[in-house]
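**Student:** My questions concern the predicted model and sequence given below.
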Amino acid sequence: MEEPTSYPSIEPSNFDLIVVGTGLPESIIASAASAAGKTVLHLDPNPFYGTHYASLPLNDLVSFLESHSVPQSQPSETSSDHASIPLVTRPLYSSLEINSYSSEPIDNSRKFNLDLAGPRFFFCSDSMIDLILKTGINQYMEFKSVDASYVSDAEGKLENVPDSRSAIFKHRGLSLSEKNQLMKFFKLVQGHCGNESEEDKISEQDLESPFVEFLTKMGLSQKLKSIILYAIVLANYDQDNLEVCKDVINTKSGINRLALYHSSIGRFSNANGAMIYPIYGQGELPQAFCRRAAVKGCIYVLRMPIVAVLMDKDDGTYKGVKLVSGQELFSPQLIVAPSFTFPSTLGPSPAQVANSCDAKEKVARGICIAKNSLKPEVANCLVIFPPRSLYPEQITSIRVVQLSGNVAVCPSGMFVTYLSATCDNIEEGKILINAAINALFSAPIPRNSEKSAADNLNDHIEERPSLLWSALYIQELTTGAFDSISCTMTPDEHLDYNNILDASEKLFREICPNEEFFSMTSSSDEHLDDGGSELDP
Amino acid sequence: MHGRPRIAPTKEDQEASSLKAAKLRDLQSQVLNFHHNKIYTKEAVEISAKLLESNPEHYTGWNYRKLAVQYLLDQQSENGVDSNSIQSILDEELRVVENALKKNFKSYGAWHHRKWVLSKGHSSIDRELRLLGRFQKLDSRNFHAWNYRRFIAGLRKIPDEEELQYTTDMIYDNFSNYSAWHNRSVLLSNLLGKREKGYHDKEKVFGEEYEFVRNALFTDPDDQSGWFYHLWLLDQTLKREPVLLSSWPPHGSNLCLSVDGSLNDRQPLPVLHFQSKASTFPLILYFSEAVEGVSSSTVTFECKYHAGDDFTWMPLSANKFGFSQAWLTYLKFPNEVHSLEAFPVKVTVAHAAGITSSSGMPCSQSCHISFTVVVPSDDREHSELQTTRRISWKEENIKSCTTQSLEGDILRSLCELEITKENKPTTTKWSMETISNEIAHCQELLSTTNCKIGKLTLARLLMARNTLISYGNPHAGTEVHYEDVLALYRDLMKMDPAHICHYEDEYSLVLLKQLTSNIGSLMKHCYQYQESSSPSMNPYLCVRLNGLSLSRLGSMEQLLWVQMLDLSHNKLRTIEGLEALQLLSCLKLNNNRLCSFTALEPLKTLKSLEALDISYNEIGAHSIDTRRYLCSSPLTHAVGMDWNFKKFTDEDVKLKGHWDAYLLFKDLNLSQLEIAGNAVVNDRLKAFLSKLMPSLKWLDDEECC
């Protein structure tokens, strides 16, 4: 146990940048700023790295979720020279439901590394992997492939996603002409991206049209469209119903995502498919960026809450922070994790932050622990329930990633399954996650009227694993905001890191407009990019 | 391994490689020195390892090592057998091979050396399987590794079924793998041949294989490896016994031998007249595919004059293994036999086992040909008056045949003649259904995909169905798709001009099949030749297949009776197949694409040929004729030692350049030859030809003296 008086004092007291929270965006920016020669202080009130992107032991996960489900405010602090605004932690999570189905509690809570922001993984060719290789932080991480991906078909059967030539060839659920259509479409995309000749290019007009219309135009069957849109391009909303669809994917971005998927297959010789996952959980990623920042001179202090933000008494501009130890530290820029907020009584900046954090959309997340795999032959896999596949009113896709002991997220012989779905309100989110849990596991989940569809699906999945433990929570979605006090984004609803990386880079460029985002010498590039050395075979 | 672009070497690379070459040369000369002097010391053997590890292609190096190993092993056995030291000698060899293969895993010498070491029987086969696993992971298509795998599987006695599963896994991984598909066909042939458990039912096994490969064909129709396996499956589906298709004389015919070829009114129809100078006529058997084993023991005669005679059968257009579709022998009637009586002749083909196709299928069903022969009294005086006529292809001499004409009747009767088979083979329901099913799938695929190999396969499938129909029911002309097939080939010629020659050949075969498929279509190409100047002459029946863009000949089984044939204004590059037309006396081949005398080699077997027109071809126009290397030449042993060039070279040494003309024409007895319009023709050649063939009366419109 910590002695309350044992807070260290920090030297010096002036920094170019103070960052509070070690979530992924904060860690990327701290690392990039340190690399650019800025003096950076990186604080975290928690005793672990990662904040909302952390991977935690079972008990710690529950207590973190619980503590962030209620607002916490610090007692008012005073400062001699500055106006002091108390820092408020606003709840990012709500409707936390924990269920344990086993009479005996799950032992070895510490053998679990459960992701707060799951499910999430990397595409082998995505920009986050490129950045990992570029910055060399792959030396702090190891990866394993997600061996297979499945999509729930109209009858509720989980079918392999025909995502490559050999997968199409092997597939048992596609008709011969569908196989022909799909492969032809993949070749069309390859031709378009291959820059070979103008006649292989998809027309500009088509590129601007909704992807679903282009797929129809290319003569793909409903089943193939669903596979491409939801299991490969990973569209979130029902693309067939443009009234409720909040994110219509156009052909250009659909093609780009498909091309990313395909270039991911085979990028690393020891990765089977397109996707990989970090051993010990995704919390390894922010930690790896922090380690790199530390190497570049960033100062790290964990277990160090800040109690107040210091403002200039005259003009109300941001000056610095007051730590729980009472020490006051100063910087022209402050970045805080999205769970922090300020009473909007003073100054323009806090008000702006508060406004930007006012979001409607939410993401429902679930974590399940079971002793058997969803598919007996596969350890790590992705499962997609496209819109309307579980019940007619389902307008968003539900994404499921199962991970096994071989990525050290749970004791061997156990399986952790993450679920997520975007929703407009808490009720909808619960229905989505529970419907998927019911379709995948045989466990008594409290039923409501929406479950009848899921019941029908149950017949098709033989010998479903029984649940030992489950958690369900609704997470707020907010984007970041830039000012002298900047706020980073919450973990988004996507399965990859692309949006988080883009937002972090954008925020970095605003904070350090004259600096390069991880300028690197090209020599180390070559060394690191030699084909999957960072991947554990 | 595949599709890697070649990068031009930089200056440093070049320097490095010349340094390496010098080092290699040094090692090489050392090893050769050891080899010659039989030095097998430890140091010497190590140097050879160095050489082979940097240049695995050095065959002498490998052979030297084999000798060295043998020497060391012999030493061991003298000192008493010590299995450990034998093991270590052989392990060292495996190590060297492994390093050599790392350098170049497509080195024949290295793989062979490894086989040699393994066959000594002291090495771990499991280790080899692990090594193969690694090699095949690096390059799953490397046929050396697959070859070695078959060898190891044989040594280890791995069940074929297990290896079949391995091919399935490799194909699932990446179906674009000729080696894996090939190994699959080998293993399946074994399993089906041995009728192993689960492989009794050929039809079921092939049904599953069709289904399996169909997934590959639909997934990526442009990948050809699956299509090749499909072709193998088709071949297995269509595999059947060779059968006798036709003969000369045809079954049920009445043959009238006469010296002058005059018609004899007293004979009932059908009567076939054959001009013969010595009461000899050819007997030709034409099979559905090339066969061997046609001999006096497999083919027997029942005839007043030929009981028990030993016949010599000659293959016509035989490949080097002696297989041929057409077989020839001569029936000779003694000169003193002159009678109006018709002698019956009965030929039994496949009387005894022994006729086999090149794929090893026996011709087990015997069949009969019966015909009668009339030898009218010899009218010697008349024949002496008969002089060789000059054939003139003027339009006024050629009249189209009407179905009512005498020729029409003869032709009709020819077409209706049928070989009697004791047990007529029928097409199995399964092969018919399989082919129809494949046709449907192929058409489905082509409805959305423009794929050349798919089109080619469909064309083949449609022709296969035609063949099956014709075998099952010889006169069923109903479900014929010749026009569709021809359209497919026309499409392919446009789509894939790189392979136009093949498509033209196939197109020609289909077209000829169509033209000869029934009497109606054949009639359109039959004409009467009668010189207006001498109306008293008997008309010739002439078949004109001119101006049809033919590049290759086929369906000769329907044309065995033809004596006068016009193939002018086609695209013929070869006249292979013409050997079977033994009655041919007049042949028009002008305005084709024949580019050498060697391309005319089939003519050498046509003993009756008198008038030949090869004008306006491309003989001598191409300086390099690749076909020539496949033909007999003074450089090959195919030509006997009998040729006597000296007789001509004495007069003009430059005629040496015409050895090919010599080889062709020395055996021909032409009376008329048109050769103008070929690059090779000059006065010297003409003089040479008239000297070579004393029988020649007309050479390019000029009368020879």
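**Tutor:** Good, I have the coordinates. Residues are numbered from 1 along each chain as shown, chains lettered A, B, ... in the order given.

**Student:** Dump the helix or strand B:Gln70 falls within to PDB, restricted to CA.
**Tutor:** According to DSSP states H and E, B:Gln70 maps onto helix B:59-78. C-alpha atoms of helix B:59-78 as PDB (Å, rounded to 0.1, in the frame of the first residue of the first chain):
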ATOM      1  CA  TYR B  59      28.000 -33.100 -62.000                       C
ATOM      2  CA  THR B  60      31.500 -34.400 -62.100                       C
ATOM      3  CA  GLY B  61      31.900 -33.200 -58.500                       C
ATOM      4  CA  TRP B  62      28.900 -35.300 -57.400                       C
ATOM      5  CA  ASN B  63      30.200 -38.300 -59.300                       C
ATOM      6  CA  TYR B  64      33.600 -37.900 -57.600                       C
ATOM      7  CA  ARG B  65      31.900 -37.800 -54.200                       C
ATOM      8  CA  LYS B  66      30.000 -41.000 -55.000                       C
ATOM      9  CA  LEU B  67      33.200 -42.700 -55.900                       C
ATOM     10  CA  ALA B  68      34.800 -41.300 -52.700                       C
ATOM     11  CA  VAL B  69      31.900 -42.500 -50.500                       C
ATOM     12  CA  GLN B  70      32.100 -45.900 -52.200                       C
ATOM     13  CA  TYR B  71      35.800 -46.000 -51.500                       C
ATOM     14  CA  LEU B  72      35.400 -45.100 -47.900                       C
ATOM     15  CA  LEU B  73      32.600 -47.600 -47.400                       C
ATOM     16  CA  ASP B  74      34.700 -50.300 -48.900                       C
ATOM     17  CA  GLN B  75      37.500 -49.400 -46.500                       C
ATOM     18  CA  GLN B  76      35.000 -49.700 -43.700                       C
ATOM     19  CA  SER B  77      33.900 -53.200 -44.700                       C
ATOM     20  CA  GLU B  78      37.500 -54.300 -44.800                       C
END
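
**Student:** Quick check: buried residues in the following helix or strand past it?
**Tutor:** Counting by DSSP H and E, the element after helix B:59-78 in chain order, helix or strand, is helix B:83-103. If you call a residue buried by 16 or more other CB atoms under 10 Å in any protein chain shown, then helix B:83-103 has these buried ones: B:86, B:89-90, B:92-94, B:96-101. All C-beta atoms are positioned from the backbone trio N, CA, C, and that covers glycine.

**Student:** do stretch A:391-403 as well
**Tutor:** Neighbour-count burial for stretch A:391-403 [16+ other CB under 10 Å]: A:391, A:394-403.

**Student:** ok and the residue in chain B nearest chain A?
**Tutor:** B:Phe218 (4.2 Å; CB to the nearest CB).

**Student:** Which secondary structure element is home to that residue?
**Tutor:** For B:Phe218, the host element (DSSP H and E) is helix B:202-219.

**Student:** now for that helix, which elements pack on it?
**Tutor:** Helices and strands touching helix B:202-219, by 3 or more CB pairs under 8 Å, 6 or more residues apart in numbering or on different chains; DSSP states H and E, are helix A:165-170, helix A:176-193, helix B:178-193, helix B:224-238, helix B:429-448.

**Student:** right, so of the ones you listed, which gets closest to B:Tyr108?
**Tutor:** helix B:178-193 (15.4 Å; CB to CB).

**Student:** what's the angle from that closest one to helix B:202-219?
**Tutor:** Helix B:178-193 runs at 170 degrees relative to helix B:202-219, counting by axes from the mean of the first three to the mean of the last three CA atoms, to 10 degrees.

**Student:** How about residues contacting helix B:178-193?
**Tutor:** B:140-143, B:145-146, B:149-150, B:160-161, B:163-164, B:167-168, B:170-171, B:199, B:202, B:205, B:209, B:213, B:225-226, B:228-229, B:232 (CB atoms under 8 Å, 6 or more residues apart in numbering or on different chains).

**Student:** Go ahead and measure how far it is from the middle of the chain.
**Tutor:** Offset of helix B:178-193 from its chain centre (CA atoms, centre = their mean, to the nearest Å): 24 Å.

**Student:** cool, and stretch B:146-155?
**Tutor:** With CA atoms, centre = their mean, you get 31 Å for stretch B:146-155.

**Student:** Quick check on A:Cys298: phi, psi?
**Tutor:** phi -70, psi 140 (degrees, to the nearest 10).

**Student:** thought it was touching A:Ser34?
**Tutor:** Yes. The pair A:Cys298 / A:Ser34 is scored as a contact, 4.1 Å apart, by CB atoms under 8 Å.

**Student:** what's the overlap in contacts for these two?
**Tutor:** A:Val40.

**Student:** How many neighbouring residues does A:Tyr300 have?
**Tutor:** Per other CB atoms under 10 Å in any protein chain shown, the neighbour tally for A:Tyr300 reads 18.

**Student:** what do you get for the one 4 residues further on?
**Tutor:** A:Met304 sits with 21 neighbouring residues when counted by other CB under 10 Å.

**Student:** Please list all residues in contact with the closest residue to it other than its chain neighbours.
**Tutor:** Spatial nearest neighbour of A:Met304, excluding adjacent residues (CB to CB, 6 or more residues apart in numbering or on different chains): A:Leu43 at 4.8 Å. Contact partners of A:Leu43, counting by CB under 8 Å, 6+ apart, are A:18-21, A:301-302, A:304, A:306, A:321, A:323.

**Student:** Out of these, list just those in strands.
**Tutor:** Judged by DSSP state E, the contacts of A:Leu43 include A:18-20, A:301, A:306, A:321, A:323 as members of strands.

**Student:** Name the residues that touch stretch B:437-456?
**Tutor:** By CB under 8 Å, 6+ apart, stretch B:437-456 touches A:176-177, A:180-181, A:184, A:219, B:210, B:214, B:217-218, B:221-222, B:224, B:227, B:234, B:457-458, B:461-462, B:465, B:488, B:491-492, B:495-496.

**Student:** wait, what's in contact with the spatially closest residue to A:Met489 that is not a sequence neighbour?
**Tutor:** Closest residue in space to A:Met489, ignoring its immediate chain neighbours: A:Gly480 at 4.3 Å, by CB to CB, 6+ apart. Applying CB under 8 Å, 6+ apart to A:Gly480 gives the contacts A:25, A:338, A:356, A:486-489, A:503, A:507.

**Student:** Distance of A:Gly480 relative to B:Asp505?
**Tutor:** 71 Å (CB to CB, to the nearest Å).

**Student:** returning to that earlier point: and of the buried residues of stretch A:391-403, the nearest to chain B?
**Tutor:** Using CB to the nearest CB, those come closest to chain B at A:Gln402, 22.9 Å.

**Student:** Derive a PyMOL selection command for the buried subset of the contacts of helix B:178-193.
**Tutor:** Typed into PyMOL, the line below selects the buried ones among the contacts of helix B:178-193, using 16+ other CB under 10 Å:
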select buried, chain B and resi 140+141+142+143+145+146+149+160+163+164+167+170+171+199+205+209+213+225+226+228+229+232
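
**Student:** quick one on the thing from earlier: quick one, which of the contacts of stretch B:437-456 are buried?
**Tutor:** A:176-177, A:180-181, A:184, B:210, B:214, B:217-218, B:221, B:227, B:234, B:457-458, B:461-462, B:465, B:488, B:491-492.

**Student:** interface residues of the stretch 151-300 of chain B facing chain A?
**Tutor:** For the stretch 151-300 of chain B, the contact set with chain A under CB under 8 Å from any CB of the partner chain comprises B:172-175, B:214-216, B:218-221.

**Student:** hmm, try it at 10 Å
**Tutor:** For the stretch 151-300 of chain B, the residues in contact with chain A (CB under 10 Å from any CB of the partner chain) are B:171-176, B:211-212, B:214-223, B:226.
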